[in-house]
Every structure is written in C-alpha cells, then in structure tokens.
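S.K.: here you go, sequence then predicted model.
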Amino acid sequence: MSAPAARAEVFSIASYVGGESKLPGFEEPLKLSANEGAFGPPPGAIAAAAAAAATMHRYPDGGSQALCEAIGARFALNPAQIICGNGSGEILILLIQAYCGAGSELIMSAHGFSIYEIAAKLAGCTVKKAPETNLTTDVDALLALVTPQTRMLCIANPNNPTGTLLPQAEMLRLRAALPEHVLLIIDAAYAEYVEAADYDPGVALVDAGENTVMTRTFSKMFGMGGTRLGWAYAPPAVVDVYNRVRPPFPVNALAAAAGMAALAEPGWVERGRAHNTAARRRLVERLTQAGLSVVPSEANFILVNFATAARAIAADEFLKSRGIIARRVASYGLPEFLRITIGTDEDCNRAAAALTDFAHG
C-alpha cells in the first residue's frame, strides 16, 4: 500500500532549529542562544496576561483591533495599516505564501534569517542569495539578482545572525532601484536596540509607496518570545491580502493583553536599550582583549569569529562545560562563528570570563 505523499518542496527544506535551552548536568544553564530579552517581560505584561487568563474560554478578536490601536499609538502609526500575528515569523511566512509561488523568485542576503528560505521553498519559489560585504548586506549584490520573475526581497535590518546594520541611505537606494512590483520586506525584529541616529526601521519606506512592509516583534526587547506575538506595518493592499490568508485567530488573548501592557511600561525600551549598548560594548572589549574578533553589532547579540569551524565547536563545548549555551551558526554558512546573546551584566561577565579562559588555552 502506498503512504500519503507530501509535496516535493517539503523535502527541500531543512527543519528550523532554535537555540538550545537545555544542558545535561546543569539544572539552570545560562541560555545565550536565542537573543531573548535580558530582563524577561515587563511586570505589567505578566500581570496583564495573568488577568486575561480568567477569560481564556472566550475567543479573541481575530483582527486584534485593540492591540493594533495600542501599537499605532506607541509608534505613531495608522492602526488600519497594522497587522498582528503569532510571532513576526508567521506574518513573514504568510506573506511569502501569498505573494510567491512556482515560477517566482525571492531574494535574500547570504546570511539572512533562515525562515525566508524555508517559507519560500515551501511555496515552490526559487530562493536567490546575494553575497555580503564584511558580513553586511550588499545592496548592489541584491539588485544584481533581480529578474522579471522576482516577487519579493527580504532583508533583516539589523541582520540576524550577523548583527550588522545597513544605513538608511542604502535602504532608500535599494527600494528606489527595485522594480515597483517587487515587495520589499524589512524585518526589523531588533529595531528597539539600534542606536544609529539615521536608523529607520522601515516606516518611511512603507509610507512612501505600496510595495514595502516592515515586520516587528515582541520577542526581543519586550521579552515575550514565549507568547509568540509579532506585528507588521504595511500598505492597505497588503493588509487586505494578509487578512485573507491569516488564521481566524492569529493572536491569543493572553498574548494580546500582555503586548498592550508591555507597550505601556514606562521607560522599558529606553532602559533596555541603554543596558544593551553598554553591556555589548563591555563584552566586545573583553573578548577583543582576549584576542577574539567580534563582528560590529547593532542588535542584542554579537557574532564571535574563532577562525575555523573546529575552534568554534571547541569554544562552544568549552562554554557548555561552564554551563553556558551559545548558538552555532554553521547552518547560516558561518561555521567558524558563535552567536552570543547580550544578557544581564552577570550573564555577560560569565560569558566573557569563560571565553577568555578558552582563548588563553
């Protein structure tokens, strides 16, 4: 008897693997593998989710109207152009499925976030990767791949897993040179951490036309990765498309309540950004003093170069022996690197001490 057969595209995809969280021999290992917020969720978000639990037998608002209005008020955006989903990853997946398909192309940077490739291949779309310059997205390399079949270009800014940032002038140049029918997706998951004065997470480009979308998340600065809550700012036509393909209730009621409370937490983003900038600088300084090379980052993580894949694996195993979990990024074509999340000061001190010991043999 023949068994049910999945589509052939499914077997072209390698399963997404998140950062490790468990370590044999350590009851509570230090997890620096998933770029989670250093301080967890805001107190108000915890209280709001707990309060919402009392009515969890009721279905949530499928359009997340109250949450869209809260996001709009927090970031001075039109709520009618905001969509919410089960993490920004789901929004990205659904938009790729809606706009890409057999015979079309999706372009991304060589070391871009893997979900773009996974979703595009599932949609039957051809994925084209542009080489980077100094581990930074190269606009000219992206544009060189554009053909009449190109339907979407996905770029994370800052990028994951490199942490590098493309200046706003380059983002503007990219959009201006792309054909109008190509949908530009700007994945700004780490926007809240950026200190660059000229940085725009994508709002200006969304407002400038009908062919750009900005995605955001509550998983990083707001420390709500476990709730799976993301959002996007998009032109009205894209909002209409998303609402046709999204699940009936993409955001659960507890996540929505927590998200609205997180947005209202006084000073949360400002304090988190200030801590991240200072802690990241100190960690980079200590690792550089130990003889390690670190890629400049604008996010809540750093990418550390160990020169060879074997040494990166050895460093990872050494960290694990100290109860610290980093992230190997060989699946992103960076086998000689480890990605390390910026945690609390104590977390960063532990990571710095362990890597200094490793570097000194």
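M.R.: Received the coordinates, thanks.

S.K.: okay, domains of this protein per the record?
M.R.: Domains of the chain are assigned by automatic domain parsing as 19-40+268-359, 43-264.

S.K.: how about stretch 176-189 as CSV, C-alpha atoms only?
M.R.: The C-alpha coordinates for stretch 176-189 follow below in CSV (Å, rounded to 0.1, in the frame of the first residue of the first chain):
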residue,chain,number,x,y,z
ALA,A,176,14.4,53.1,-5.4
ALA,A,177,16.3,50.6,-7.7
LEU,A,178,13.8,47.7,-7.2
PRO,A,179,11.0,47.3,-9.7
GLU,A,180,7.7,48.5,-8.3
HIS,A,181,6.1,45.0,-8.4
VAL,A,182,8.8,43.6,-6.0
LEU,A,183,7.6,43.6,-2.4
LEU,A,184,10.4,44.6,-0.1
ILE,A,185,10.1,43.0,3.4
ILE,A,186,12.1,44.8,6.1
ASP,A,187,12.4,42.5,9.1
ALA,A,188,13.1,44.9,12.0
ALA,A,189,13.0,42.4,14.9
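
S.K.: as JSON lines, the domains of the chain with mean neighbour count would be great.
M.R.: Backbone N, C-alpha and C define where each C-beta goes, glycine included. Converted to JSON lines, the domains of the chain look like this (neighbours: other C-beta atoms under 10 Å):
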{"stretch": "domain 19-40+268-359", "mean neighbour count": "18"}
{"stretch": "domain 43-264", "mean neighbour count": "19"}
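
S.K.: which among these is found nearest to residue 3?
M.R.: domain 43-264 (20.2 Å; C-beta to C-beta).

S.K.: run the chain-centre distance for the closest one.
M.R.: Here domain 43-264 is found 9 Å from its chain centre; the criterion is C-alpha atoms, centre = their mean, to the nearest Å.

S.K.: can you give me the end-to-end distance of it?
M.R.: Domain 43-264 has an end-to-end distance of 11 Å (C-alpha to C-alpha, to the nearest Å).

S.K.: okay if I get the domains of the chain as CSV plus mean pLDDT and distance to residue 6?
M.R.: Conversion of the domains of the chain to CSV gives the following (pLDDT from 0 to 100; distance: least, C-beta to C-beta, whole Å):
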stretch, mean pLDDT, distance to residue 6
domain 19-40+268-359, 96, 22
domain 43-264, 97, 10
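
S.K.: closest one to residue 9 among those?
M.R.: domain 43-264 (5.4 Å).

S.K.: contact partners for residue 293?
M.R.: Residues in contact with residue 293 (C-beta atoms under 8 Å, 6 or more residues apart in numbering) are 304-305, 307.

S.K.: and the longest helix belonging to the chain, what does it pack against?
M.R.: The single longest helix within the chain, with elements called by DSSP state H, is helix 268-289. Secondary-structure packing of helix 268-289 (3 or more C-beta pairs under 8 Å, 6 or more residues apart in numbering; DSSP states H and E): strand 293-295, strand 301-305, helix 345-359.

S.K.: using CSV, lay out the contacts of residue 293 together with distance to residue 159.
M.R.: Formatted as CSV, the contacts of residue 293 follow (distance: C-beta to C-beta, whole Å):
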residue, distance to residue 159
304, 16
305, 16
307, 21
